[in-house]
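let me see the structure of the following:
(chains A and B)
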2 protein chains.
Amino acid sequence: MVKGKITGLSVKDVRFPTSLGQHGSDAMHTDPDYSAAYVVIETDAEDAIKGYGLTFTLGKGTEIVVCAVKALSHLVVGRNLEDIVANFRDFYRQLTSDGQLRWIGPEKGVVHLATAAVLNAVWDLWAKQEQKPLWKLLVYMTPEQLVSCIDFRYITDVLTEAQALEILQNGKQRQEAREEHMVKHGYPAYTTSCAWLGYSDNQLQKLCADALKEGWTRFKVKVGADLQDDIRRCKLIRDMIGHDNELMLDANQRWDVNEAISWVKELAVFKPLWIEEPTSPDDILGHGTISKALAPLGIGVATGEQCHNRVMFKQFLQARALQYLQIDSCRLGSVNENLSVLLMAKKFNIPVCPHAGGVGLCELVQHLIIFDYISVSGSLEKRMCEYVDHLHEHFKHPVTIRNAAYMPPKDPGYSTEMKEESVLLYQFPSGDIWQQIISENTEI
Amino acid sequence: MVKGKITGLSVKDVRFPTSLGQHGSDAMHTDPDYSAAYVVIETDAEDAIKGYGLTFTLGKGTEIVVCAVKALSHLVVGRNLEDIVANFRDFYRQLTSDGQLRWIGPEKGVVHLATAAVLNAVWDLWAKQEQKPLWKLLVYMTPEQLVSCIDFRYITDVLTEAQALEILQNGKQRQEAREEHMVKHGYPAYTTSCAWLGYSDNQLQKLCADALKEGWTRFKVKVGADLQDDIRRCKLIRDMIGHDNELMLDANQRWDVNEAISWVKELAVFKPLWIEEPTSPDDILGHGTISKALAPLGIGVATGEQCHNRVMFKQFLQARALQYLQIDSCRLGSVNENLSVLLMAKKFNIPVCPHAGGVGLCELVQHLIIFDYISVSGSLEKRMCEYVDHLHEHFKHPVTIRNAAYMPPKDPGYSTEMKEESVLLYQFPSGDIWQQIISENTEI
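Below you'll find the predicted structure:
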C-alpha cells in the first residue's frame, strides 16, 4: 500500500568525465560527459523508503535542469503519495501545464527533462512501497489503473482512452506465459559499446571481437562525420560479425534530408537494419521522406531518443516516418508519457526498440520494455533494447545482462538509485573527482 | 563599423506582476506575470555602447532561462564583434550546437529562449554601432550578408542558400518605395488588448469602444475555456465592431484536434479571419487536419508563437498546416533564425503576422516585420502585426503606434533597452516592487 506525505525533494548535479575516453562520442556529441540531474524524494512514512529519479544529460547544462527541478519542487512537496497515484493523470498535468512554467516548454527541453527526473522518483517510490520492481508493478496494474496515469491531451485523434483500455485488456491475455519467458530468457538487447565515433579501428576491432565472444549478435555503429570513414568502419564490422548478425547505423542527427538519403545509399551494401536519427529530431516529414526513399533498400528509419513528447511520437507514427520507435525513459514525462507512446506504437504495429546507454538509461528503460512485451506488444519480432556497458557500477541495482539479454530486475523500484559514494564523488563541481580534474587543469 | 571585444555579459530576472490585473490571461495561461530574462553585453570599444537583449517569459521559470544564459556566456565573452558578424552563421551554430548543451534542446525550450536573448543583444549592439535601427540595418545589408547569418541546417530540402539569395535579390527591387511607404504609413497592426480571457464583459466593451475610437480595425478575442462564454463574447465584440472590421480568435492550445474543429464551427457564425493555436504547438499534422476542415468556412489557422524552431516552421509550411505564420522575436534564435522563416514563408506565399505583446515583443518584432515588407514579402495583403498596450513605459525607445500601425523606429538598435529604473524596481525577487508584494503576502 502506498503511504506517506512527500516531505522533501533534493536534486544533485552528478557528472562522469566520460569525454576523457571518448566514450559516447558521435557525429554531433563529440565530447559528452555522461551526467544526470539526480532527484531524491522523502516521505514522512515510517518505512523511511526514498524515491530516486534521474534524467540523463551530457555534462554542461545539467545545472539548468537542476534549476528546473527546483522550480517544480513546490508542486510535489507536501503531496500525499496516495493522492498522487490515485489521480496520476492530474498530477502529471499539474507538473507539465503550470500556467507560467509551460511557456518555457511546454513538454519539451529542459522543463520536460526535469519533469521526467521528478516523476521517475515518484514511480520508484511507488514501486518500492509496493515491494515490486517497476515492470511488475505495471504488469499487475489493471488496465483502468494504467490509463488513469496517462494524459491523453493532444493525442485523442489517434488514441482515445477507450482504445487504450482495449489494447491493455487484450494484453492481459496469457501474460503469465510472457512473464515466464522474460524471467527465463530476458529481453533481447543490442550493443552500442563497440563503435563510438571517437574509437580507433583497433579499439573497435578488439571490442567487437570481445562482444562476439560474449554472445552479442546485434551491433550499432556511429556514422555521419565522414563517408570514407563510415565505409571503412562498416566494412570492418560487417566482416567481423558476418551476415547472420544484425548491423545498425546511427547518425545522431548529422544530415539534412537529401544528404541523409544519398549518404545511407552509399552504406546500403553493408545491409544495415536501420539508420538512426538521420536528421533533425523535430523533422517528422523529413524522416517520412527518408523512410520512403530507403524502404526499397530494406533499410528502416529509427528515432526517438530526442523526440520530446507524445505529440511528436503521434505524428511520427501518423506520417509513417519511423519503422523502429525508440522510447527514452528520461526525455519523455516518465512512465506516464511512455505508456501512451507504447500504446500508440501498438496501434500502428510499430516495434519499440528503446534508447539506452548514457547513465542509468539501461537501468530504467528495461522496466518499460519488459512491461511492453508482457502487457502491450506481446511480441519480440524486430524488437530489441539498446545496451551500453558504461557506468553501471554506480547503481545500487545495476542491470543484469545474460546471453545478450536484459534479465528482469528483481529488486523493488525503478533501479534508479545510485550508490551514495558515487553521488558524493562525482557531484559537480564539489565532488573529489571533479576537484581533482579541476586542480590538474585537465581539458574537459 | 563594428568594433570591440565582448568583455562582459550579464543577465537579470525581471518580472512584472501582470497577473494581479488578469492582463494577458488566456485559456492555458491563467495568471501570467509578464517577465524577461534580460541580457546586457559590454565591449572594450571606446564608444562604450552596450547591447541589450531579452527573451519573454511568464514569471516562474525565468530563473531557469537566466541559468541557461549563464551557461552560454562563455561562448560569447572574449569574442570580437567583428568576427561574430562576419561569420554570424558559425556563431549561431556554436551557440545552438554545443556538443554537451544541445542534448537539453536542441534548439527548443529553455536553451533556445536563452539563445534568443543573447543573440538579440548582439544584434542590438551591432545595429547601435552602425547607428541604424535594426530594420534599417537589415534592409541595407546585401543579400549575401543576410544569408551569411542563416544556419540552413535541416531546411535545405525546402530552402537552399541559392534560393534564399534569389528571394533577397528580388526583394531589393523597388525597396525604396516600400521603405517610404513604411515611414509614411507604418505597418498595420491589430489589437489583443480588449479581450483577455480574464476580463469581464463590461471591461471588454469599454476597451473595445475605446479602441474603435482610436482607429483600430482588427481585434483578437481569447477563446477556448467555455463555449457559451465564447459565443457571448464573440457576439458582443462582433456587434460592436461590425462586419467591416476583422475579428480573430485565439485558443492558446486549449483543444485536441477534433475538439478544435467542432468548437470553431460553433463560432463560425461570427466570421473570424483565423483561429490561432487551436491545439498543441507541436502538432503539425493536427494543424493540417484543422486547416482542411475549416477552409470551407473561410477560417484560416494561425500559429507560431510557440513554434520552437525553423525545422518546425518548415514542416508547418510543407504540410499546409497554417494560413497565417506568426513569428516570435524571442522564441526563435533571434534575427538569424527568423530570417530563414521569413524566406520560407515567402517561398510558400504564406503571410507572416507576427506574435507580439508580452514584454518587449512589440518593440522587437516590429523591426522584423518592417524588414519583411520592405525586402522579402513586398506585400501587405492579409498581413498585420499583433499589438498589446502593456509595459511599453519600461522601454527606453517604446513603439510608436499611429492610426493602428507600427511607425518604423528611428533610434539605433533593436529597441530592446529597458529603463534602468524599471530593471531595478522589477528585478525578481530583489526589486522594490517584489519586496513590497512579498511583504504584503499578496497571492501571486
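
does A:Asp250 touch A:Lys222 like I think?
Yes. Counting by Cβ atoms under 8 Å, A:Asp250 sits close enough to A:Lys222 to count as a contact (5.4 Å). Heads up, the C-betas are built off the backbone N, CA and C, glycines and all.

residue boundaries of the strands in chain A?
A:6-15, A:35-43, A:51-57, A:187-191, A:218-222, A:246-250, A:274-276, A:300-303, A:324-325, A:385-387, A:400-401, A:405-407 (DSSP state E).

strand A:218-222 and the fourth one, what's the angle between them?
Angular relation of strand A:187-191 and strand A:218-222 on a 0 to 180 degree scale: 40 degrees, by axes from the mean of the first three to the mean of the last three Cα atoms, to 10 degrees.

cool, and the third one?
With the same axes, to 10 degrees as the basis, strand A:51-57 and strand A:218-222 are set at 50 degrees to each other.

pLDDT at A:Thr442, what is it?
For A:Thr442, the pLDDT comes out at 54.

try A:Phe56
98.

contacting residues for the closest residue to it other than its chain neighbours?
Leaving aside its chain neighbours, A:Phe56 sits nearest to A:Gly358 (4.1 Å; criterion: Cβ to Cβ, 6 or more residues apart in numbering or on different chains). Under the criterion of Cβ atoms under 8 Å, 6 or more residues apart in numbering or on different chains, the contact list for A:Gly358 reads A:24, A:34, A:56, A:330, A:388.

minimum pLDDT in these, which residue is that?
A:Gly24 (77).

could you measure from the residue nearest to A:Phe56 over to A:Thr18?
Distance of A:Gly358 to A:Thr18, given as Cβ to Cβ, to the nearest Å: 9 Å.

write out the residues of the stretch 51-200 of chain A neighbouring chain B.
Within the stretch 51-200 of chain A, the positions near chain B by Cβ under 8 Å from any Cβ of the partner chain are A:57-61, A:63-65, A:67-68, A:71, A:97-113, A:153-157.

in helices, which of these fall?
Among those, the members falling in helices (DSSP state H) are A:63-65, A:67-68, A:71, A:109-113.

make CSV from the residues you listed and add neighbour count, distance to A:Glu166 and pLDDT to it.
Output for those, formatted as CSV (neighbours: other Cβ atoms under 10 Å in any protein chain shown; distance: Cβ to Cβ, whole Å; pLDDT from 0 to 100):
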residue, neighbour count, distance to A:Glu166, pLDDT
A:Glu63, 19, 44, 98
A:Ile64, 29, 41, 98
A:Val65, 32, 37, 98
A:Cys67, 23, 42, 98
A:Ala68, 34, 36, 98
A:Ala71, 20, 38, 98
A:Gly109, 27, 33, 98
A:Val110, 34, 36, 98
A:Val111, 28, 33, 98
A:His112, 28, 28, 98
A:Leu113, 31, 32, 98
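
which of the residues you listed sits closest to chain B?
A:Gly109 (2.2 Å; Cβ to the nearest Cβ).

please name the nearest non-neighbouring residue to that closest one.
A:Gly109 sits nearest to B:Gly109 (Cβ to Cβ, 6+ apart), 2.2 Å away.

A:Val301 too?
Nearest to A:Val301 is A:Ser291, by Cβ to Cβ, 6+ apart, at 4.6 Å.

burial measure for that neighbour, as a count.
By other Cβ atoms under 10 Å in any protein chain shown, the residues close to A:Ser291 number 21.

what residues are up against it?
Per Cβ under 8 Å, 6+ apart, neighbours of A:Ser291: A:300-301, A:320-323.

lovely, talk soon.
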